[in-house]
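>>> kindly return the folded structure for what I paste below:
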Amino acid sequence: MLVLQLMPVLQTALLVLFVFIASFEFFYNWGLLALCFAAGLLGGGVYVNAFTRIAVDIGKGRRQETALSIVSIADSCGVMFADVAGLFIQSCLYEKHGIDGAKVTCPF
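A predicted model of the protein is given here:
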């Protein structure tokens, strides 16, 4: 369970690192793709392991189906929240670098 809790923390650390890199433009090479690949693996690992834990830890029946349904909805809501947050992060980065074309305005 500790590993399952650690993976989103690592994803958040990678998000902060990516925003920092995009803000200050100090690390642009092919090695950045390895970090993106790692972020994708962490996301997939959380997804698979969370559903596996639910399937194994909760006995078969209505409780398991309800839990899996709730987690599926929560996962979709989390993806939607991340997409909206990404729009605002992108607009702040566009503003910092003087790029036009952001769909929303930076709140900071």
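>>> buried set for the one helix or strand residue 73 maps to?
For residue 73, the element it lies in under DSSP states H and E is helix 62-97. Judged by neighbour count (16 or more other CB atoms under 10 Å), helix 62-97 contains these buried residues: 67, 88-92, 94. All C-beta spots, glycine's among them, are computed from the backbone N, C-alpha and C.
>>> closest to residue 2 out of those?
residue 67 (20.6 Å; CB to CB).
>>> which residues touch the closest one?
Remark: with contacts taken as CB atoms under 8 Å, 6 or more residues apart in numbering, residue 67 is in contact with 54, 58.
>>> distance check, it against residue 45.
19 Å (CB to CB, to the nearest Å).
>>> where's the helix holding residue 73 relative to the chain centroid, distance-wise?
In terms of CA atoms, centre = their mean, to the nearest Å, the centre of helix 62-97 is found 8 Å from the chain centre.
>>> returning to what we had before: what's the most distant pair in the buried residues of helix 62-97?
67 and 94 (40.4 Å).
>>> circling back to that earlier point, could you dump the buried residues of helix 62-97 into CSV and include distance to residue 4 and pLDDT?
Converted to CSV, the buried residues of helix 62-97 look like this (distance: CB to CB, whole Å; pLDDT from 0 to 100):
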residue, distance to residue 4, pLDDT
67, 15, 92
88, 28, 95
89, 26, 95
90, 29, 95
91, 32, 95
92, 31, 95
94, 35, 94
